[in-house]
Structures are given as structure tokens and as C-alpha cells.
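Novice: Any chance you could fold what I've pasted below:
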Amino acid sequence: MNINNYGWNKTQELLEVQLKEEGYVLGRVLLEHQRLYRVITRQGEVLASISGKFRYEAIRRTDYPCVGDWIALVVREQEQRGTIHRVLPRSSRFSRKAAGTGHDEQLVATNVDTVFLVHALNQDFNIRRLERYLVMAWESGASPVIVLNKSDLCDQAEARRAEVETIALGVPIHTISAEKNMGLEELAPYLQSGKTVALLGSSGVGKSTLTNKLTGKKRQMTQSVREQDGKGRHTTTYRELIPLPGGGCIIDTPGMRELQLWDAPDGLNETFGDIDTLAEQCRFNDCTHLREPGCAVQAALTEGKLSRERFDSYCKLQRELAYLTRKENKQSQLAEKALWKKRTIQTKKHPKRR
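Specialist: Next up is the predicted model:
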């Protein structure tokens, strides 16, 4: 177990020196289970929990460690246990709105260099779902790469790849079959030493099979998809950071059939850059692209240069983000109020000595 095989690079070398002076050990979160974390350190793997101070100061669920995080901890080697004192700054973070009716952000993976958006070419192929994944990938700060899997099960692989190219402007696209070991060599440049790749996609697209092929081991269970619709069941039930033979590492994630956006205006603009370019040509700067005269977007729709489906998807995601922004503002106010209430109670319990 060598921490150098878990995305280690020059940034971590500098952090390690700094933390050692403060009395901490540098580690990376491999797996999370009910507020317990499996962490890789230079001393090996340890099972860690967060400190009391950490728990007290945490306000949101995103303040807690996530798979992929680099952390500062104190290690008790004889027990193979540790205590996490803080999460180090994240270079990237892929998040979504947590499932359910609440309004919370759920971190999926952090400190990722490249996001493999794995999409199946069978009957579960869905271009609108892929657009949604692209928005979140761009917003994360990592570089998106589209991996079209199960090419051996699709007679229209090239046609569907061409369709993806129309919505993934400037994004690398690779057509593979993980099951048949076809095209996997194209993914090697993203999996170099010191790099971290996250696999994201719906259930049944072949993420677990791809993980097994890339690691050279059967680490993840796999299941066949339903023949009638090509949809799969969850086989990966938790997120885990896994080292690769070449020195890089990957984060496999459970399938997400429902991917609700979380604060992604930049990702929306990046994904729909063609519509933004058209919008710059509109007569009015505040054009809503609905009924205004001189609207370049409506002209492109009429001329067939922009598909109605893509524009409708763009509008839907815009409305979703606007709603989330309103809810987030309210949530932030409540969180701030809760923090001050907590501090007031602690101050009354433990007044400072004069």
C-alpha cells in the first residue's frame, strides 16, 4: 500500500511537509461508510473518524470528507486508526442535488482530473441525459471525456457517436466495449501516474466492467441489464478510490439515473456554447429567445440550424438552476442563523475567563 499510487503529485509533496510541521499526517479518503473513512497514508491504510472540533465547526454536509479528498489527520499506528482534523482545499468537486425533497448538495467525488462520462450505446442511449452530465462535469472543474460503451451491442454506433458530437462541443469522445476489450487503449493517456479519473453514468452503462478491465482485477460485481429496455440495476453501491497498475487511480461511483443539477451556471454555458454564441447576435441584450424581434436563437430554430429538442433542454436546465438559486439563498440564510445560534449557546455554556 503506497500512497504514491493514489494520485500523488508535487502538490501533495509540499502539503506533506507543511502538515508534518503542524503535527499532522497527509492522507487521502478511499471510501466512506456512515461517517467512518478508509484513508491511505504513508503509514498504510487506517480507519478514521472526524475530530470533535471538526464536527462542531461543520455546517453543511459538503464540509465533511468525501472520497478523493486529501485530509490532515493524526494516526495511531498500533491501532490502525486515525482522527481527521481538516479537509484540504479541493482542486475539483463533482456534486449534485441530494436525492429527495430537501435542498442539500451531495458531493460525488473530489480532486478529480478527468471525468469519464460513461454512456451505453444500447437501447438506454439518451442524449438529453448526457447533456445534463456534461453540465455538471464542466462545473466540477475537472475535464470531461465521453466514453460510449457497449459498441458491440449497437449497430448504429457511428451514427450515435455523430449525434453526441453535436452536443459535446470540444469534448473528447471514445467508443469502446469494455466487455470485449475494444478501444480501451484510447483511455490510457488519461490514466497516467498522479492523475485521478472518476467514472460517472447511469446504472447498467458498464462502469463496473470498465473498472475491472482497467485495474486488471475483478474488484466490482457486475450484472446483466434488462433485455427489454437495456436498463441496469445498481451493482456499485458506494464510491471508492482504486489505484491503477500505471500509477493513476479511478473513482467508481454508483449509477445515477436521476441527476439533479446543483449550482452550475458556468457548466450550462460551456455545454450549450452554441446557443450562447447565437444569443450574442440577438438584437436585445436581455433577449429571452421567446418572442422578441431580431432573436438569433429563434431564427436558428426556424432555419433548422438548432434543434428544438436541444433548445428545450437548455431552457429546462436554465429554469432548474434558477429555482435552485432561489432555494440556495434561503438555505444559506438558515445555515448562517443556525451557526450563530450554535455559537451563542456554546458561549453561554463556556464563558471566557476574565
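
Novice: Please determine how far V135 is located from L317.
Specialist: Noted for V135: a distance of 6 Å to L317, by C-beta to C-beta, to the nearest Å. Bear in mind the C-beta positions are built from the backbone N, C-alpha and C, glycine included.

Novice: Give me the more crowded residue out of these two.
Specialist: Neighbours were counted for V135 and for L317 using other C-beta atoms under 10 Å; V135 has more, 27 against 20.

Novice: what secondary structure does that one sit in?
Specialist: Here V135 is recorded as helix under DSSP: H, G, I helix; E, B strand; the rest coil.

Novice: That one contacts N269, doesn't it?
Specialist: No: V135 lies out of contact with N269 (C-beta atoms under 8 Å); the separation is 9.2 Å.

Novice: For L117, which three-state class applies?
Specialist: Classification of L117 using three-state DSSP returns strand.

Novice: Please name the residues that touch it.
Specialist: 130, 133-134, 137, 144-147, 200-201 (C-beta atoms under 8 Å, 6 or more residues apart in numbering).

Novice: Now go through those residues and say which are in helices.
Specialist: 130, 133-134, 137 (DSSP state H).

Novice: Any regions of the stretch 251-354 of the chain where pLDDT drops low?
Specialist: 255-264, 324, 326-354 (pLDDT under 70).

Novice: now with 80?
Specialist: Applying pLDDT under 80 to the stretch 251-354 of the chain flags the ranges 254-267, 320-354.

Novice: Which residue lies nearest the spatial centre of this protein?
Specialist: The chain has F94 as the residue nearest its centroid, 2.8 Å off, counting by C-alpha atoms, centre = their mean.

Novice: Report the beta-bridge partners for that one.
Specialist: Per DSSP bridges, the residues bridged to F94 are A109.

Novice: That one touches S143, doesn't it?
Specialist: No: contact criterion C-beta under 8 Å: F94 and S143 do not qualify, at 11.8 Å.

Novice: Mind listing the shared neighbours of these two?
Specialist: The contact sets of F94 and S143 overlap at V115 (C-beta under 8 Å, 6+ apart).

Novice: I'd say V164 and L148 touch.
Specialist: Yes: with contact defined as C-beta under 8 Å, V164 and L148 form a contacting pair (6.7 Å).

Novice: More neighbours: the two, which one.
Specialist: Of the pair V164 and L148, L148 is the one with more neighbours under other C-beta under 10 Å, namely 24 against 21.

Novice: Show me the beta-bridge partners of that one.
Specialist: With DSSP bridges as the rule, L148 is bridged to H119, T175.

Novice: Give me the pLDDT for it.
Specialist: Here the pLDDT value assigned to L148 is 97.

Novice: Next: S203.
Specialist: Reading off the model, S203 has pLDDT 85.

Novice: okay, now it: neighbour count?
Specialist: S203 - counted by other C-beta under 10 Å - has 19 other residues nearby.

Novice: Distance of it relative to K316?
Specialist: Using C-beta to C-beta, we find S203 at a distance of 23 Å from K316.

Novice: swap in T11?
Specialist: 38 Å.

Novice: So what touches the helix or strand where Q18 lies?
Specialist: Following DSSP states H and E, one finds Q18 within helix 10-22. Residues outside helix 10-22 that contact it (C-beta under 8 Å, 6+ apart) are 25-26, 42, 70, 72, 88, 91.
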